[in-house]
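> Attaching a predicted model along with its sequence, questions to come.
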Amino acid sequence: MQEVAYIFPGQGAQYVGMGKELYAAYPESKEVFDKANTILKFDLMKLMFEGPMNELTNTANSQVAILTHSVAALRAMEKTGHFIPKFALGLSLGEFSALIASGCLSFEQGLALVRKRGEFMDAAAAKNPGKMVCIMGMPLAQVEELCKGIGGCEIANLNCPDQIVVSGKATNIELLASFAKDKGAKRAILLEVSGAFHSNLMTPAKDKLEKEIEKITFNPPQYPIISNVTAQPAVDPQEIKRNIITQVNTKTLFEASIRYVVSQGIKAFVEIGPGAVLKGLLRKIDKELAVTNIEKSEHIATLTVPQVSNPL
């Protein structure tokens with residue numbers, strides 16, 4: 001068995017048809033989807049399998065859809081016994097999938113929290129309208145100076161080299177995008193999102209989610225969770241709670257999280273859930289990293305362990 005780190009995707013990975021093959025092919029996956037419909041009290045499966053896309057993209061819906069797909073793929077994959085997870089982490093929302101994978105939360109607990117998280121973020125976005133922009137090809141210090149000079153902008157995501165996502169008030173973000181291009185950025189892409197995620201504009205959502213999380217007992221994880229906000233491992237349930245609460249209105253450190261895992265001798269990763277966005281990010285972080293995607297039934301049926309070209 002291969003020692004690996006599990007990685008889970010965040011919001012934006014949703015698409016119409018997601019998870020449909022898993023539902024048909026694996027009883028373990030079907031059980032997850034059926035549970036999701038029961039817990040949420042609406043037909044999430046129909047929305048995931050048939051759309052419409054605009055409804056699926058809604059924050060409150062996309063987050064539970066991505067979590068459900070990720071856990072459905074995980075449960076089917078676990079039966080193969082191919083991997084020994086040494087760490088788990090996710091991009092933003094994906095950290096909840098990591099908590100479920102590690103046994104820190106049950107699927108039922110995680111799904112209910114994520115539904116509320118999405119609803120709280122939607123409400124915060126309506127109260128404090130904002131946007132996000134991805135700046136490419138500009139040093140972090142220079143982006144930080146732009147944020148400081150314009151005001152109302154914050155670093156939101158540090159996902160990989162030369163890719164910095166900034167959140168803030170809509171007009172400020174538009175101004176920052178224009179200035180960044182003038183100052184030499186390769187690209188400044190306004191993202192198709194409903195709010196200024198991972199910024200102070202999400203503080204109302206963070207405060208509401210904290211109250212919900214404090215009602216739940218988190219279990220010690222079976223293996224360390226790499227936190228988005230610290231890029232360090234956590235095994236203490238109270239620390240994990242603090243991290244997942246703080247994450248809502250604080251920047252995520254995905255690149256630093258991956259580099260920590262690599263520093264611990266792990267260079268093989270399993271991306272579990274919809275899409276292959278994280279695989280693309282890992283290629284930019286370190287070309288020697290090996291990534292296996294677990295998204296569809298065919299990926300599990302033909303599963304092979306990721307091969308590291310130059311092991312540590």
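Received the coordinates, thanks.

> which residue of the chain sits farthest from its center?
Most distant from the centre of the chain: residue 182, at 31.1 Å, with distances by C-alpha atoms, centre = their mean.

> how about that residue, phi and psi?
phi -60, psi -30 (degrees, to the nearest 10).

> what packs against the helix or strand containing residue 47?
Element membership of residue 47 [criterion: DSSP states H and E] is helix 44-50. In terms of contacts (3 or more C-beta pairs under 8 Å, 6 or more residues apart in numbering; DSSP states H and E), helix 44-50 is packed against helix 20-25, helix 27-40, helix 53-57, helix 59-78. All C-beta spots, glycine's among them, are computed from the backbone N, C-alpha and C.

> could I get those helices as a markdown table with distance to residue 193 and mean neighbour count?
Formatted as a markdown table, those follow (distance: least, C-beta to C-beta, whole Å; neighbours: other C-beta atoms under 10 Å):
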| stretch | distance to residue 193 | mean neighbour count |
| --- | --- | --- |
| helix 20-25 | 25 | 18 |
| helix 27-40 | 22 | 18 |
| helix 53-57 | 9 | 14 |
| helix 59-78 | 8 | 26 |
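
> Mind putting those into TSV with mean pLDDT and distance to residue 167?
As requested, these are exported to TSV (pLDDT from 0 to 100; distance: least, C-beta to C-beta, whole Å):
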stretch	mean pLDDT	distance to residue 167
helix 20-25	96	33
helix 27-40	98	28
helix 53-57	95	18
helix 59-78	97	14
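
> Now tabulate the ones you listed in CSV and tack on distance to residue 106.
Converted to CSV, the helices and strands packed on helix 44-50 look like this (distance: least, C-beta to C-beta, whole Å):
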stretch, distance to residue 106
helix 20-25, 20
helix 27-40, 10
helix 53-57, 25
helix 59-78, 10
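
> Quick check: which of those helices is nearest to residue 264?
Closest to residue 264 of these, according to C-beta to C-beta: helix 59-78, at 21.6 Å.

> Could you tell me the angle between that closest one and helix 27-40?
For helix 59-78 against helix 27-40, the angle by axes from the mean of the first three to the mean of the last three C-alpha atoms, to 10 degrees is 150 degrees.

> list the buried ones in the next helix or strand after helix 59-78?
Next along the chain after helix 59-78, taking DSSP H and E as the criterion, comes strand 83-90. Buried residues in strand 83-90, counted by 16 or more other C-beta atoms under 10 Å: 83, 85-90.

> Check which helices and strands the helix or strand harbouring residue 257 sits against.
Assessed by DSSP H and E, residue 257 sits inside helix 254-263. With contacts defined as 3+ C-beta pairs under 8 Å, 6+ apart, the packing partners of helix 254-263 are strand 83-90, strand 153-160, strand 225-226, helix 277-285.

> Parallel or antiparallel, which strands does the helix or strand just after it pair with?
Later in the chain than helix 254-263, the nearest helix or strand by DSSP H and E is strand 268-272. Strand 268-272 has the following sheet partners, assigned by DSSP bridges: strand 2-8 (parallel), strand 290-294 (parallel).

> Please save the CA atoms from strand 268-272 in PDB.
Once non-C-alpha atoms are left out, strand 268-272 reads as follows in PDB (Å, rounded to 0.1, in the frame of the first residue of the first chain):
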ATOM      1  CA  ALA A 268       2.100  11.100  -3.600                       C
ATOM      2  CA  PHE A 269      -1.400  12.600  -3.400                       C
ATOM      3  CA  VAL A 270      -4.900  11.400  -4.100                       C
ATOM      4  CA  GLU A 271      -7.400  14.100  -5.200                       C
ATOM      5  CA  ILE A 272     -10.800  12.900  -4.200                       C
END
